[in-house]
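**Q** Generate a structure from the sequence data that follows.
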Amino acid sequence: MGCNVRVINACHDFCLDFYTNDLPLKESCSYKYLSDYTSMNPGDHIINVYKSGNKHYPILKAYTKLVDPSCHTIVATGPKSDLSIFLVPDAHIPIATDKAYIRFVNLAYSTNLDFTFTDGGFIMANNIEYKEVTQYYPATPGTYTVHAYISGTKHLVKEVPNVTLRRGRAYTIYIMGSMQYRNTMDHIFCVDGVPG
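**A** Residues are numbered from 1 along each chain as shown. Sure thing, here's the model as predicted:
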């Protein structure tokens, strides 16, 4: 399967260019941009993130070691006063099961979130901190609605309708935005991993 990497720009203040080992990975990534996976060599990598078109100095930098096989998502997040970058390991797919799998990532700056997902029973992920990634939860294939609330309250910050899950696939919902700065929330819903 190899090493596969994609990027997300969750920094609403900037369009970004992503580089690995001084080579362009993805450029001109606007807010909420999610790339396809790119195959990379295993080993040590330096990830530099620049404001688009301004490769004088990186605004974010990270070091990582990629192993074969693996899939990862590089996430750049935060307001311009507190930018950060981190690597999210993604599930390998397809998965030999009749279930689908879904997880949640909180990219809502400085706001803890509760997630609910109805699947006959009730899946709940409580008090998920900023930049926290939940486990994958098994779910019956179908189409659902996911809700994200401010932790410990009934204050709905984002509803994600028409979440369609297919057998043997893994999915992530990223909730992003800021209640403090713009009081707007967005989301990205994506399939994880590279089909064999």
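**Q** any idea which helix or strand carries the nearest residue to residue 74 once chain neighbours are set aside?
**A** Of all residues not flanking residue 74 in the chain, residue 7 sits nearest, at 4.6 Å (CB to CB, 6 or more residues apart in numbering). Just so you know, the C-beta spots here come from the backbone N, C-alpha and C atoms, and that holds for glycine as well. Assigned by DSSP states H and E, residue 7 falls within strand 3-10.
**Q** Which strands or helices does that strand pack on?
**A** Counting contacts by 3 or more CB pairs under 8 Å, 6 or more residues apart in numbering; DSSP states H and E, strand 3-10 packs against strand 16-20, strand 23-29, strand 38-40, strand 70-77, strand 170-178.
**Q** As TSV, those strands with mean pLDDT, mean neighbour count and distance to residue 144 would be great.
**A** As requested, those are arranged in TSV below (pLDDT from 0 to 100; neighbours: other CB atoms under 10 Å; distance: least, CB to CB, whole Å):
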stretch	mean pLDDT	mean neighbour count	distance to residue 144
strand 16-20	97	23	31
strand 23-29	96	16	29
strand 38-40	94	14	30
strand 70-77	96	22	22
strand 170-178	94	22	11
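**Q** now these in a markdown table, with distance to residue 110?
**A** Output for the helices and strands packed on strand 3-10, formatted as a markdown table (distance: least, CB to CB, whole Å):
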| stretch | distance to residue 110 |
| --- | --- |
| strand 16-20 | 21 |
| strand 23-29 | 23 |
| strand 38-40 | 31 |
| strand 70-77 | 11 |
| strand 170-178 | 7 |
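**Q** on that earlier part again, what about the residue nearest to residue 74, how many neighbours?
**A** Using other CB atoms under 10 Å, residue 7 has 25 neighbouring residues.
**Q** With residue 8 instead?
**A** Neighbours around residue 8, by other CB under 10 Å: 27.
**Q** Tell me the bridge partners for it.
**A** Judged by DSSP bridges, the bridge partners of residue 8 are residue 34, residue 75.
**Q** any weak-confidence spans in the protein?
**A** Filtered on pLDDT under 70, the chain yields the residue ranges 1, 93-95, 120-121, 180-183, 195-196.
**Q** mind checking how far the residue nearest in space to the middle of the chain is from residue 46?
**A** When CA atoms, centre = their mean is applied to the chain, the residue found nearest the centroid is residue 174 (4.9 Å). The gap separating residue 174 from residue 46 is 24 Å, by CB to CB, to the nearest Å.
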